[in-house]
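K.L.:
build the 3D model from these lines:
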Amino acid sequence: MTIAVILLIILALFFDFLNGFHDAANSVATIVSTRVLSPRYAVMWAAFFNFIAFLVFGLHVAGTIGKGIVDIKVIDSSIIFATLMGACIWNIITWYFGLPTSSSHALIGGLMGAALVKAGPASLVGSGIFKTVIFIFISPTLGLFLGVGIGVLVYNLFRKSHPLKVDHVFRKGQLISAAAYSLGHGGNDAQKTMGIIAGLLFSAGILHKFNSPEDIPLWVVLSCHAAIALGTVFGGWRIVKTMGQKVAKLRPVDGFCAELGAATTLFVSTGFGVPVSTTHTITGSIMGVGSIKGLTNVKWGVAGRIVWAWILTIPLSAGVSALSYSIIKLF
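P.N.:
Numbers count the residues shown, from 1 in each chain. Below you'll find the predicted structure:
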């Protein structure tokens, strides 16, 4: 393994760390905002389930990222470097402005941008890109409807219960729903970096075959889960404020319904190998739960700003990646 490959693996794990740092808000915003757990214990809870997700899910998402977005024959060390630069820079920009955008789509956009500069449109895998792009709309919509459906069901079941009893029950329930969501987050998001590292190892001749996700070495799997868990521990509190307080006001019962709806969406998507945005999913679910108490309970202006950031993520991260690749080739 060359020094260049080792440095790129470190950069990929740094992106994975940023993914956990940036998306920590998704895992802990509701449980912190409802004061079920303090920020310190919330991130530790989320990080633990981020890490153990590899015991629950297969590696289908890693396979999609590794060879389902860009032709594996096009991938080389320069492509990987430019991809990671595009994704990391976009993550840092959106973290600074407190925007809960998708680290997943930043990575995909970065991969597409570098590949387009190197080999043109023929290097892109249309089926994988279509599946990813269509879920930009499906995952938040599904999260929204599941949030509404679970919320209506739970509210009806407990409509005659005393508010203090409901609060007590769902303070404990949120520990379960937050754990489920963090499990889905780790299962879907850590695999994206696995796919990037596996593609790098294959292009460098270190990984002799990449015919299926099972060909990814165990040390790659463990490293990626450890990096995303560590990022979650450090957390991105600017985005926690946006997700937990500015989209809709949440009680423990609301947080439980939102997290359970989002977790269900992530479990289904990961099972089918679709690299969805955990950010999109939990935001849609929070909006769905918030809207049950009236459309005015959702701050649609904030939601609109978030949606615009979603739309711009792939093209702008692709642009940064394309520029990075062009600069590399000059040297």
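K.L.:
does Leu107 lie in a helix or a strand, and which?
P.N.:
Using DSSP states H and E, Leu107 maps to helix 103-119.
K.L.:
beyond that helix, next helix or strand please.
P.N.:
Remark: after helix 103-119, the chain's next helix or strand is helix 126-157, criterion DSSP H and E.
K.L.:
if I pick Gly20, what's in contact with it?
P.N.:
Ala47, Asn50, Asp189, Ala227, Ile228, Ala229, Leu230, Gly231, Thr232, Val233, Phe234 (C-beta atoms under 8 Å, 6 or more residues apart in numbering). Where you see a C-beta, it was placed from the backbone N, CA and C, and this is true even at glycine.
K.L.:
can you map out the helices along the stretch 151-300 of the chain?
P.N.:
Along the stretch 151-300 of the chain, counting by DSSP state H, counting those that start in this stretch, helices occupy 163-203, 218-234, 237-241, 252-271, 278-292, 300-330.
K.L.:
which secondary element of the chain has the worst mean pLDDT?
P.N.:
Sorted by mean pLDDT, DSSP states H and E, the helices and strands of the chain end with helix 237-241, the least confident at a mean of 52.
K.L.:
burial count for Ala119?
P.N.:
When neighbours are defined as other C-beta atoms under 10 Å, Ala119 has 15 of them.
K.L.:
so how far is Ser78 from Pro121?
P.N.:
Counting by C-beta to C-beta, to the nearest Å, the gap from Pro121 to Ser78 is 19 Å.
K.L.:
whoops, I mixed them up, Thr278
P.N.:
Per C-beta to C-beta, Thr278 is found 29 Å from Ser78.
K.L.:
between the two, which has more neighbouring residues?
P.N.:
Neighbours were counted for Thr278 and for Ser78 using other C-beta under 10 Å; Thr278 has more, 30 against 17.
K.L.:
against Thr313, how distant is that one?
P.N.:
For Thr278, the distance to Thr313 - C-beta to C-beta - is 13 Å.
K.L.:
low pLDDT regions in this protein?
P.N.:
In the predicted model of the chain, residues 22-27, 29-30, 98-100, 235-250, 295-306 satisfy pLDDT under 70.
K.L.:
residue contacts, the residue sitting nearest the centre point of it?
P.N.:
By C-alpha atoms, centre = their mean, the mean C-alpha position of the chain lies nearest to Thr278, the distance being 3.9 Å. Shown in contact with Thr278 (C-beta under 8 Å, 6+ apart): Asp23, Asn26, Ser102, Ser104, Gly184, His185, Asn188, Asp189, Ala262, Leu266.
K.L.:
let's see it at 10 Å
P.N.:
Counting by C-beta atoms under 10 Å, 6 or more residues apart in numbering, Thr278 touches 19, 23, 26-27, 100, 102-104, 139, 143, 181-182, 184-189, 262-263, 265-266, 269.
K.L.:
again with Ala190
P.N.:
Applying C-beta under 10 Å, 6+ apart, we find Ala190 in contact with 16, 19-20, 50-51, 53-54, 57, 59, 61-62, 221-229.
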